[in-house]
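[1] 3D model of this:
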Amino acid sequence: MDSSSLLLILLFIWGIPSAYFRSKFRKIVYQTDDWKINIKPFFIKELKGLFSNLYPNDNNYTKTRNRYRIYLAVYLLLFIIYITVK
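    Down below sits the predicted model:
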């Protein structure tokens, strides 16, 4: 198995929990527990919440945002490595 195949498998495995992290983050940003938030194409407030501090006094938001940032950073790093190795 070559390195690009291994990286592709790693990208796929790392991508599995993305729905969980994004759902949890979106529910906090849009302040709803409705499941339909996962399929609606709202991005502006989500991006603002990811790169700024929408709710500075909400510790749950801050922890979830930081975990989601780390998750996305690792995902981006794996993708960049995959593109350069390929």
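[2] Now do the helix or strand encompassing I13: which elements does it pack against?
    Following DSSP states H and E, one finds I13 within helix 3-15. Helix 3-15 sits against helix 59-85, with contacts defined as 3 or more C-beta pairs under 8 Å, 6 or more residues apart in numbering; DSSP states H and E. In short, each C-beta sits where N, CA and C put it, glycine included.
[3] could you check the angle helix 3-15 makes with the helix it packs on?
    Between helix 59-85 and helix 3-15, the angle comes out at 170 degrees (axes from the mean of the first three to the mean of the last three C-alpha atoms, to 10 degrees).
[4] Next, the buried residues of helix 59-85.
    Neighbour-count burial for helix 59-85 flags 61, 64-65, 68, 71, 78, 82 (criterion: 16 or more other C-beta atoms under 10 Å).
[5] other SSEs contacting it?
    Judged by 3+ C-beta pairs under 8 Å, 6+ apart, helix 59-85 is in contact with helix 3-15, helix 18-29, helix 44-51.
[6] What mean pLDDT does it get?
    Mean pLDDT, computed over helix 59-85, is 94.
[7] Work out the gap between it and the centre of the chain.
    With C-alpha atoms, centre = their mean, to the nearest Å as the basis, helix 59-85 stands 6 Å off its chain's centre.
[8] Report the angle between it and helix 18-29.
    Counting by the same axes, to 10 degrees, helix 59-85 lies at 140 degrees to helix 18-29.
[9] now the angle from helix 59-85 to helix 44-51?
    Following the same axes, to 10 degrees, one obtains 90 degrees for the angle between helix 59-85 and helix 44-51.
[10] Make 35 the starting number, not 1.
    Done: numbering now begins at 35, and the last item shifts to helix 93-119.
[11] most packed of the helices and strands packed on helix 93-119?
    Most buried of the helices and strands packed on helix 93-119 by mean neighbour count (mean count of other C-beta atoms under 10 Å) is helix 52-63; its value is a mean of 16.
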